[in-house]
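S.K.: Provide a 3D model corresponding to the input given below.
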Amino acid sequence: MNKMTEGMERKIVIPGELIVAGEEYLPGEGTEKNGSEIVALRYGLAEESNHLVKVIALSGVYQPRIGNVVIGKVENITFYGWVISIDAADDAFLPLQEVPKYVSKEGLSEVLDIGDMVVAKIIGVNTRGIDLTIKSRGLERIDDGLVIKINPNKVPRVIGKEGSMINLIKDNSGCNITVGQNGLIWILGKNIEDELLVKKVINFITEKSFISGLTEEVEEWFKNEKGGNK
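M.R.: Below you'll find the model as predicted:
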């Protein structure tokens, strides 16, 4: 039997595989508890933090959740707001009242037009649909930079534990990076070369997401890239 100890690197597990045994562990997303054992319910990366064990899926579609920051594209404009595609099973809706300034019903396209990209937060998920807001800080229309897409289940690897990976990328590129939980990522740098560097390293991370010691691999990747560009 494999036992995951405190601080152990993530490992790939399959459904039914024992991840850890011990009364002190609690089952998180993608796991269940059988007696004192935590067992995987899906294929993915097992992770333990503060005795909570979860499995991060390596494939699948985005499942919207309240509080998620997402990046979407305006698909339609109605009298009451904007229909926005967030790469989920259903489109989302941004109501007029969830914009941080007064907007007349005749001026919606001046705020967001069809085809515009926007950073928004999910404030409601129900049978009626998915509701968004752009009232909080950092939620806005995307006017510059680069937007790329990854598998939404690779998002935790790009962010890293407590933001460690995304901070490493920001420090080495000088870019502002907004990671949508739906797998869309907005990269804004001083120039296109910096933005393309971030795109390149994010692709590297998603391709290597199953390996342990990924942070060290990315640090080495940056050293090689910067060394080769001198």
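S.K.: Any buried residues in stretch 155-173, and which?
M.R.: 155-160, 165-166, 168-169, 172-173 (16 or more other Cβ atoms under 10 Å). Every C-beta, even on glycine, is put in place using the N, C-alpha and C of the backbone.
S.K.: pLDDT and distance to residue 17 for these - can I get that in JSON lines?
M.R.: Listed next are those as JSON lines, based on pLDDT from 0 to 100; distance: Cβ to Cβ, whole Å:
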{"residue": "155", "pLDDT": "93", "distance to residue 17": "23"}
{"residue": "156", "pLDDT": "91", "distance to residue 17": "19"}
{"residue": "157", "pLDDT": "92", "distance to residue 17": "20"}
{"residue": "158", "pLDDT": "96", "distance to residue 17": "25"}
{"residue": "159", "pLDDT": "95", "distance to residue 17": "25"}
{"residue": "160", "pLDDT": "92", "distance to residue 17": "24"}
{"residue": "165", "pLDDT": "96", "distance to residue 17": "25"}
{"residue": "166", "pLDDT": "97", "distance to residue 17": "29"}
{"residue": "168", "pLDDT": "97", "distance to residue 17": "30"}
{"residue": "169", "pLDDT": "97", "distance to residue 17": "31"}
{"residue": "172", "pLDDT": "96", "distance to residue 17": "35"}
{"residue": "173", "pLDDT": "96", "distance to residue 17": "37"}
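S.K.: Pick out the residue closest to the middle of the protein.
M.R.: Residue closest to the mean C-alpha point of the chain, counted by Cα atoms, centre = their mean, is residue 181 at 3.1 Å.
S.K.: ok, now which ones touch the closest residue in space to that residue that isn't next to it in sequence?
M.R.: Spatial nearest neighbour of residue 181, chain neighbours left out: residue 68 (4.0 Å); criterion: Cβ to Cβ, 6 or more residues apart in numbering. Shown in contact with residue 68 (Cβ atoms under 8 Å, 6 or more residues apart in numbering): 121-122, 180-182.
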